[in-house]
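next comes the sequence, and after it the predicted model I'd like to discuss.
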Amino acid sequence: MAEQRDRAKADAREKKLGGTDLTVYGSMRALGVTKFAGYEQLQTQGKVIGLLLDGKPATKLSQGDLAEIILDETSFYAESGGQDSDAGFITSNGLSLEVIDVQKPVKGLVSHKVIVRTGEVAIGETVQTQVDADWRLGACQSHSATHIVHAALRQVLGPTALQSGSYNKPGYLRLDYAWTQALSSETKSEIEEVTNLAIRQDLAVSSQFMSVAEAKKWGAVALFGETYDESVRVIQVGGPWSRELCGGTHVARSSQVGLVSLIGEASVGSGSRRLEALVGIEAFRSLTAERALVARLADSLKGPKDQLEERLTATIEELKLAQRKLSAMQSAQLATQIPALIQNSSVIGSQKFVAHEMGEVSSVDDIRGFVNQLRDNLASEPAVIAIFGVVAAKPMVVIATTKAAQLAGAKAGQLVRIASAVLGGGGGGKDDIAQGGGVDIKAIPAAIAAIRADLAK
């Protein structure tokens, strides 16, 4: 259902970006503001004051329409302050509108992007707005978790680690903050622990309206660059520990967040970094999936979980050793083919031309190593070596030239580009050695023929 909503929301936004003229909302806004009743309740009644179909005013909507509906009152939270919009339905007798996006196209007006599932709706009708309770709970958990993570950041890193942006939706949050270097694993673990300790302490989460001056005096944190009305809403978690200007929806106590699991930390620009986390049931599901993975790995390695890292390290080292031995054996085996390849080489003009298909190989390095061996054996002669192989079901080619061949005009980079074009790809390199590839394995003979034709010129 979440994936379906995301697809529908993306489609709706794509259509909206197609160009709804914001002036169409003017007459609707003249009728008054949309009252938001969603802080106190998930369901409310609202009167239809405007309809938009394909970005143009409409008098009614019918089944199957993807449209916008504007009400004088709603319980749906419109996307803002980093919080994604609510999901749910708008209904009346025989009418069912699935809400896939909620926005504020102009100040004071809330537009619901909907799909008409059943029935019809016209301007002036009274409808019921019903926010999905699970969705709202997840949204509240993630938004409150964002405030808690922000406070934990400032507690661990210091007061300069201020939030510069955020996004949250049920089960997920990301928080951008001012910082100049990557966080160590230990620091990330500490931030995660401070966050979850605050959740366990069941801190009170409250909101109240006050003037901007009072909020600043109270120590509330505001986002840099944001503009606020004279009266602002301040959310506090655990009293002075976390106080921020915020219009989003929140849990009543921190314990309702459930769990926060950090999943990523990266740079998003100069002096700015981003934390990502899973929240609530999504965090729990992620951790149980990791636990199951650890159990399967421990079972495969025939050892207890507390020895898993040691056994994995030993297995990886054994694998690397085996790969080195195999590579050495393959190189030795390939070396036995060198005399025959040189003997069967053709002469084009004044140069020897060695072409060979190795078949499937583990990497292009195997081809390159063989090419170098052949060139070493032909170092005193004008020679061009073109070796082809298949890596991960795709053809690859490495071409090398000896000094004498280069003096005669042969250039590996040019030849590789010719061969790669026949293979359906590209490549390049220097005059002495170059590599490329493509997508058509069956074209290898044609690629060899193209190299021959160019050398013959």
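Thanks, I have the structure now. For clarity, every value in this text was computed on a predicted model and none was experimentally measured.

helices or strands up against the helix or strand where residue 145 lies?
Secondary structure from DSSP states H and E places residue 145 in helix 133-157. The contact analysis (3 or more C-beta pairs under 8 Å, 6 or more residues apart in numbering; DSSP states H and E) places helix 133-157 against strand 163-169, strand 172-178, helix 185-200, strand 231-237, strand 242-245, strand 260-269, strand 272-279. Backbone N, C-alpha and C define where each C-beta goes, glycine included.

now that helix: mean pLDDT?
For helix 133-157, mean pLDDT rounds to 97.

quick thing: my sequence starts at 33, can you match it?
From this message on, residue numbering opens at 33, which makes the last subject helix 165-189.

same question for that helix: list its buried residues.
167-189 (16 or more other C-beta atoms under 10 Å).

which of the helices and strands packed on helix 165-189 sits closest to residue 486?
strand 292-301 (45.8 Å; C-beta to C-beta).

got the angle for that closest one vs strand 204-210?
40 degrees (axes from the mean of the first three to the mean of the last three C-alpha atoms, to 10 degrees).

okay if I get the helices and strands packed on helix 165-189 as TSV plus distance to residue 136 and mean neighbour count?
Below are the helices and strands packed on helix 165-189 laid out as TSV (distance: least, C-beta to C-beta, whole Å; neighbours: other C-beta atoms under 10 Å):
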stretch	distance to residue 136	mean neighbour count
strand 195-201	16	21
strand 204-210	21	20
helix 217-232	30	17
strand 263-269	15	20
strand 274-277	17	21
strand 292-301	25	15
strand 304-311	24	22
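
residue 234 against residue 286, yeah?
Yes: shown here, residue 234 and residue 286 form a contact pair, counting by C-beta atoms under 8 Å, at 6.1 Å.

more neighbours: these two, which one.
residue 286 (27 against 12; other C-beta atoms under 10 Å).

residues contacting that one?
For residue 286, the contact set (C-beta atoms under 8 Å, 6 or more residues apart in numbering) comprises 176, 180, 230, 231, 233, 234, 235, 236, 237, 269, 270.

pLDDT score assigned to the residue nearest to it when sequence neighbours are not counted?
The shortest distance from residue 286 to any non-neighbouring residue, by C-beta to C-beta, 6 or more residues apart in numbering, is to residue 235 (4.1 Å). With respect to pLDDT, residue 235 scores 98.

equivalent analysis for residue 401, please.
So residue 401 comes in at 89 (pLDDT).

and if you look at residue 65?
On the pLDDT scale, residue 65 gets 90.

next one: the closest residue to it other than its chain neighbours from residue 210, what distance?
Leaving out its chain neighbours, the residue that sits closest to residue 65 by C-beta to C-beta, 6+ apart is residue 140, at 3.7 Å. Taking C-beta to C-beta, to the nearest Å as the measure, residue 140 falls 32 Å from residue 210.

return the residues in contact with the residue nearest to residue 109 when sequence neighbours are not counted.
Nearest residue to residue 109 in three dimensions, chain neighbours excluded: residue 118, at 4.6 Å (C-beta to C-beta, 6+ apart). Contacts of residue 118 were listed using C-beta under 8 Å, 6+ apart, and they are 70, 107, 108, 109, 131, 134, 163, 164, 167, 168, 171.

next, residue 118: phi, psi?
Here is the backbone geometry of residue 118 (degrees, to the nearest 10): phi -70, psi 160.

do residue 57 as well
Dihedral angles (degrees, to the nearest 10) for residue 57: phi -80, psi -10.

same thing with residue 155?
Per degrees, to the nearest 10, the backbone of residue 155 is at phi -60, psi 140.

residue 65 too?
phi -90, psi 160.

any idea how far it lies from residue 141?
7 Å.

when the two are compared, which one has more neighbours?
Shown here are residue 65 and residue 141; by other C-beta under 10 Å, residue 141 has more neighbours (22 against 13).

which SS state does the more buried one fall under?
Classification of residue 141 using DSSP: H, G, I helix; E, B strand; the rest coil returns coil.

hang on, it packs against residue 59?
No: the criterion here is C-beta under 8 Å, and residue 141 misses it with residue 59 at 10.7 Å.

in TSV: the contacts of residue 118, plus distance to residue 415.
Formatted as TSV, those follow (distance: C-beta to C-beta, whole Å):
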residue	distance to residue 415
70	78
107	79
108	74
109	73
131	72
134	71
163	75
164	72
167	69
168	73
171	69
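
buried subset of the residues you listed as a ChimeraX selection?
A single ChimeraX command selects the buried members of the contacts of residue 118 (16+ other C-beta under 10 Å):
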select :70,107,108,109,131,134,163,164,167,168,171
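
how's the protein carved up into domains?
34-163, 169-319, 374-488 (automatic domain parsing).

so the residue nearest to residue 286 sits right up against residue 285, yeah?
Yes: when contacts are counted by C-beta under 8 Å, residue 235 is listed as touching residue 285 (6.7 Å).

settle it for me: which of the two has more neighbours?
More crowded of residue 235 and residue 285, by other C-beta under 10 Å: residue 235, with 21 against 17.

quick one: contacts for that one?
Contact analysis of residue 235 by C-beta under 8 Å, 6+ apart lists 269, 270, 271, 273, 285, 286.

where does confidence bottom out across these?
residue 271 (92).

from residue 242, how far out is that one?
Counting by C-beta to C-beta, the gap from residue 271 to residue 242 is 15 Å.

which one's more surrounded, the two?
A direct count of neighbours by other C-beta under 10 Å for residue 271 and residue 242 places residue 242 higher, at 16 against 10.

so what's that one up against?
By C-beta under 8 Å, 6+ apart, the contact set of residue 242 is 250, 263, 264, 266.

fine, thanks again, bye for now.
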